[in-house]
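Asks: Structure for the following, please:
(one chain, ligands or ions: 1)
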Amino acid sequence: MKVSDYPVGVFASIDAGLGVKLEVVRELGIKTIQLHTPAKASRTAGQAEKFAGKLKDYGIEITVVFLGFDGETYETIARTAETVGLVPKATRQARLQESFEIADFAKLLGVAAIGSHIGFVPHNRQSTDYTEIVETVRTLCDYLAKNGQALHLETGQEDVDSLLQFMDDVERSNLYVNFDPANLILYGIGKPLEAVAKLGKRIRSVHCKDALATAGTPGVDWGKEVPFGTGQVDAEAFLRALFAAGYTGALTIEREIPEEPQRQKEEIGQGVKLIEELVKKLIKS
Ligand code: MG
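Replies: Here you go, the predicted structure:
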């Protein structure tokens, strides 16, 4: 492995949703992004061409396009369960259709991976609720396969054993994991380093994000997101575990404090420095 196998990335948006603006990415000299779903009006062939041209000028590559939908909120863990991803039934079919459109837009941009928080998967494998969401994810994987794309499930809402079981039940060879170590702490459902070892080669993209566990009730009250390298993830141990698991690919910083853009930019800049230092240190040793 060499240092260039691990480019730094950042979670970004062009016009809507989570992530920093492209101009910030450029100012910080970051060369890869994961892109949060652009607004519907932007998802046209003309816009894709324009956007691809801009990225080329900036020397920025998109590694993953992340699904996002109107009506999602991460306000509380309970509200997240009610509103996020493909699990909520009232919006499932419409969001599945929209996922196809987003995937087609990503294809126009030459992106081969779609990331998603699919939501809180029910735990009873014998239930209809469970088999229905397995079927939904199969349908999405099959659509993506035709586009030459993979689906990366974001970690967080499931403990790692349930996630592995779910992936095995979906039984699709283009189904992988976007590993977010902070989410395991935020949702109070596991230890990031153990999860990396268990997921191993299924990890195809990552979020470098950090967090402190809640002082309240895990799984009910949110933990607190903090800048990468300052929380309970242990940034160096996390990267070491990833590399030991055979991961290569972008190390994508996610820092969700859109209400404070200046602080967000500074903290992402510090994250870039930290990751570059750690990669150099770990790849040499
Ligand atoms: Mg994440």
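
Asks: So which residues of the stretch 151-285 of the chain form strands?
Replies: Counting by DSSP state E, counting those that start in this stretch, the stretch 151-285 of the chain has strands at residues 175-179, 203-208, 210-212, 224-226, 251-253.

Asks: Check what contacts the top helix by length along the chain and list those residues.
Replies: The helix that spans the most residues within the chain, counting by DSSP state H, is helix 261-284. Applying CB atoms under 8 Å, 6 or more residues apart in numbering, the contact partners of helix 261-284 are 1-3, 6, 8, 10, 20, 24, 27-30, 208, 227-229, 235-236, 239-240, 243, 251, 253, 255, 257-258. Glycine gets a C-beta too; all of them are placed from N, C-alpha and C.

Asks: Buried only: go through those for me.
Replies: Buried by 16 or more other CB atoms under 10 Å: 6, 8, 10, 20, 24, 28, 30, 208, 227-229, 235, 239-240, 243, 251, 253, 255, out of these.

Asks: List the neighbouring strands of the helix or strand bottoming out on mean pLDDT in the chain plus their orientation.
Replies: Ranking every helix and strand in the chain by mean pLDDT, DSSP states H and E puts strand 20-21 at the bottom, with a mean of 88. Partners of strand 20-21 in the sheet, by DSSP bridges, are strand 8-13 (parallel).

Asks: Just to check, Phe120 is in contact with Ala81?
Replies: Yes. Taking CB atoms under 8 Å as the definition, Phe120 is a contact partner of Ala81 at 4.4 Å.

Asks: Between the two, which contacts overlap?
Replies: Val87, Gln157.

Asks: Neighbour count for these two, which is higher?
Replies: Phe120 (20 against 14; other CB atoms under 10 Å).

Asks: Quick check: pLDDT value at the more buried one.
Replies: For Phe120, the pLDDT comes out at 94.

Asks: quick one: contacts for it?
Replies: Thr80, Ala81, Val84, Val87, Gln157, Glu158.

Asks: Quick one: which of those residues has the lowest pLDDT value?
Replies: If you rank the contacts of Phe120 by pLDDT, Gln157 sits at the bottom with 83.

Asks: That residue: what's it in contact with?
Replies: Thr80, Ala81, His117, Gly119, Phe120, Val121, Asn183, Tyr187, Ile189.

Asks: Specify the angle between the longest helix of the chain and strand 203-208 in degrees.
Replies: 130 degrees (axes from the mean of the first three to the mean of the last three CA atoms, to 10 degrees).

Asks: So which residues on this structure come close to the ion?
Replies: Within the chain, the positions adjacent to the ion are Asp180, His207, Glu254 by CB under 5 Å from the ion.

Asks: cutoff 6 Å now
Replies: For the chain, the residues in contact with the ion (CB under 6 Å from the ion) are Glu154, Asp180, Asn183, His207, Lys209, Glu254.
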